[in-house]
Each structure stands twice: as structure tokens, then as C-alpha cells.
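Undergrad: model this:
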Amino acid sequence: MKKLLIFLAILFAAIGGFIFHLFQREEGGVPILLYHQVNDIDKDELTLTVEQFDAQIKYLLDDGYTIITPTELLDAWDGNGTLPPKPAVITFDDGHVEMYKNVFPILKKYNVKATVFLVTDFLNLYPNYLTWEQAREMQDSGLVDFESHTLSHKSLTKIKSRDKIWDQLYNSKQAIEWYMKKPVNFIAYPGGKYDQDIESLTQEAGYRAAFTRDYNLTHSLPQHRTLARIPIYGANNHTLLRFKLRLKGAPLFAPLQRYKDQLVIDDNPEIATLIWIP
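TA: Below is the predicted model of the structure:
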């Protein structure tokens with residue numbers, strides 16, 4: 001029994017030390033939150049209810065976070081300004097119409113800013129996506145900035161033609177700049193997928209930085225090329241507690257999620273299901 005207790009003590013000390021190391025390593029990291037849809041109809045994992053999103057924004061502000069923009073973040077990293085003590089960035093992908101109907105009123109209620117990455121070919125085409133007029137109204141409020149999520153949301157890593165990848169990167173940027181009369185500096189890769197060649201083309205197209213999907217905090221990197229975002233998913237199961245765990249526990253859950261993803265790639269989905277991520 002004594003040996004077992006000693007073993008357990010050593011084990012817990014090792015686990016505790018490892019977790020402490022993870023959080024120390026990520027000190028100074030900034031949470032960039034990734035949302036998709038906010039409505040009370042859809043029940044898929046990409047959708048939060050209006051009440052859930054409202055509660056999350058309120059929690060961030062009550063907990064002392066200051067919501068900043070990607071531009072403010074990179075400017076501070078480049079030495080042109082300083083970050084507040086607890087910065088956070090709010091982003092949305094795709095440009096669904098409930099951004100105007102459900103999210104925009106909450107942003108105005110709390111006076112916080114968000115960045116929306118648009119699939120430009122979908123605007124003014126599909127009824128469940130924004131119109132350019134709605135986008136301009138939100139931009140004029142000073143609370144919402146619009147950046148690129150490519151032309152058609154195709155996974156860039158699955159496009160074989162370099163010219164077609166360039167078309168997705170460059171022409172989506174041009175479309176937003178033409179319709180919104182403002183420079184476009186950022187892009188979010190569809191599905192968070194990219195490779196070295198895509199990174200190079202992104203830079204050639206004139207983007208300041210790109211955004212991917214990860215469960216981790218993001219840090220200043222050389223040239224700030226690709227920034228991690230914490231996905232806020234979960235549909236009606238995404239309680240405020242899960243949000244807090246994902247926000248506060250990012251340094252712990254990021255490596256676990258990567259390992260879980262690798263297990264699926266290696267055809268071990270049964271083992272992957274045993275790893276719990278909030």
C-alpha cells in the first residue's frame with residue numbers, strides 16, 4: 001500500500017508539473033475565438049444559441065477581458081501600441097445572415113468589436129448569407145470588420161492548381177475591397193487547412209496574416225503569418241462552463257486535440273473518442 005501511495009504521489013506530481021509547464025509556456029498568449037453561427041433554429045455543432053453567445057460576451061467583459069481587433073493585436077506585436085492586460089479577439093467565419101440579425105445587436109449591446117471572414121461568392125446569392133448592404137451597415141458602426149474567407153470556401157489544400165489557389169486568395173480580397181471600400185489584410189483558411197505553398201501565396205497576395213483553427217492561444221510569431229483560433233462549437237450542449245474550460249484551458253486542450261486528430265488520421269477513432277475535449 002505504501003509503495004502504491006508513493007507511486008500515485010509521483011504520478012500526480014508529474015502530471016501537475018506537466019500541466020504547469022504547459023500553462024507557463026503559453027503565458028502571454030492571446031485567445032482568438034472562432035465562431036460560425038448564432039441562432040435558435042439550427043442544432044448542429046457549429047451553432048450557438050443567441051442566449052449562449054450573449055452570455056459568453058458578458059462573461060468575457062465581466063472577467064476583465066478587453067476585446068480587440070486583429071489589427072490592434074498585430075500593431076502591438078509590431079511595436080505600434082500596447083496590449084491591454086487581458087486581450088481577446090472575436091472572429092466569425094463564412095458570413096451567415098444571422099451575423100446581422102442576431103450577433104450585431106449583441107455587439108452593439110456590449111459595444112464590442114468582431115471580425116467576420118466572408119465567403120465572397122455567397123453574398124447577395126444565398127438567402128442564408130449576408131448581403132453587401134448589410135455588411136456595409138455593420139462596418140459603418142465601427143464594430144465589425146470584414147476580411148477574406150476565400151471566394152467559395154473550397155479547402156485550399158485540395159486544390160491542385162496553383163493558379164486556382166491564387167484566384168481564391170486574391171480575388172476574394174479584391175471583391176471585399178471593392179464592395180466595402182477598405183483594405184483587406186487578413187484571411188481565414190477554410191477548415192483551417194494550409195501548407196507552406198499556400199502560406200507563400202497568401203503573403204504574395206498582400207495579406208498581413210492568416211488565421212487557422214486550433215484550440216490554443218496565439219503568440220507573436222515571426223511575421224505573424226498564421227494565427228491560431230479557439231473554435232467555439234457545441235450547439236445546445238455548449239454551456240457557459242464548457243466555454244470557460246475551452247477559454248481558460250486552451251494550453252492543456254490544444255495538444256490533446258492534436259493528438260486526438262492524429263489518432264483519427266491513423267485510423268484509431270475508437271481511441272480518439274476516449275479523449276474528452278470540452
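Undergrad: buried sites along the strand or helix carrying K260?
TA: Secondary structure assigned from DSSP states H and E places K260 in helix 250-265. Judged by neighbour count using 16 or more other C-beta atoms under 10 Å, the buried positions of helix 250-265 are 250-254, 257, 260, 263. (C-beta placed from N, C-alpha, C; glycine too.)
Undergrad: What of stretch 92-110?
TA: Residues 92-100, 102-104, 106-107 are the ones in stretch 92-110 that count as buried (16+ other C-beta under 10 Å).
Undergrad: What lies in contact with the longest strand along the chain?
TA: Secondary structure of the chain read by DSSP state E shows that its longest strand is strand 87-94. Judged by C-beta atoms under 8 Å, 6 or more residues apart in numbering, the contacts made with strand 87-94 from elsewhere in the structure are 30-37, 57, 60, 65-70, 72-73, 99, 103, 112-119, 122, 129, 149, 153, 188, 211, 229.
Undergrad: which stretches of the stretch 1-150 of the chain form helices?
TA: 2-25, 50-62, 70-77, 98, 104-110, 132-140 (DSSP state H, counting those that start in this stretch).
Undergrad: Among those, show the one with the smallest mean pLDDT.
TA: Looking at the helices of the stretch 1-150 of the chain, the lowest mean pLDDT belongs to helix 2-25 (a mean of 42).
Undergrad: ok, then the element right after the longest strand of the chain?
TA: Downstream of strand 87-94, the next assigned helix or strand under DSSP H and E is helix 98.
Undergrad: Could you list every helix and strand in contact with that next one?
TA: Based on contacts counted as 3 or more C-beta pairs under 8 Å, 6 or more residues apart in numbering; DSSP states H and E, there is no element that helix 98 packs against.
Undergrad: about what we covered before: tell me which strands the longest strand of the chain pairs with, and in which orientation.
TA: The sheet places strand 87-94 alongside strand 32-35 (parallel), strand 66-68 (parallel), strand 114-118 (parallel), with pairing taken from DSSP bridges.
Undergrad: by contact count, what packs against the helix holding K260?
TA: Taking 3+ C-beta pairs under 8 Å, 6+ apart as contact, the helices and strands that helix 250-265 lies on are helix 2-25, helix 269-272.
Undergrad: Can I get it as CSV, trimmed to CA atoms?
TA: Once side chains and other backbone atoms are set aside, the C-alpha atoms of helix 250-265 remain, and they are given as CSV (Å, rounded to 0.1, in the frame of the first residue of the first chain):
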residue,chain,number,x,y,z
ALA,A,250,-6.5,26.2,-24.0
PRO,A,251,-2.8,25.3,-23.2
LEU,A,252,-4.0,21.9,-22.0
PHE,A,253,-6.6,21.0,-24.5
ALA,A,254,-4.7,22.1,-27.6
PRO,A,255,-2.1,19.3,-27.5
LEU,A,256,-4.9,16.8,-26.5
GLN,A,257,-6.9,17.8,-29.6
ARG,A,258,-3.9,17.5,-31.9
TYR,A,259,-3.3,14.0,-30.5
LYS,A,260,-6.9,13.2,-30.9
ASP,A,261,-6.9,14.4,-34.6
GLN,A,262,-3.8,12.3,-35.3
LEU,A,263,-5.5,9.2,-33.9
VAL,A,264,-8.3,9.7,-36.3
ILE,A,265,-5.9,10.2,-39.2
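Undergrad: Much appreciated, bye for now.
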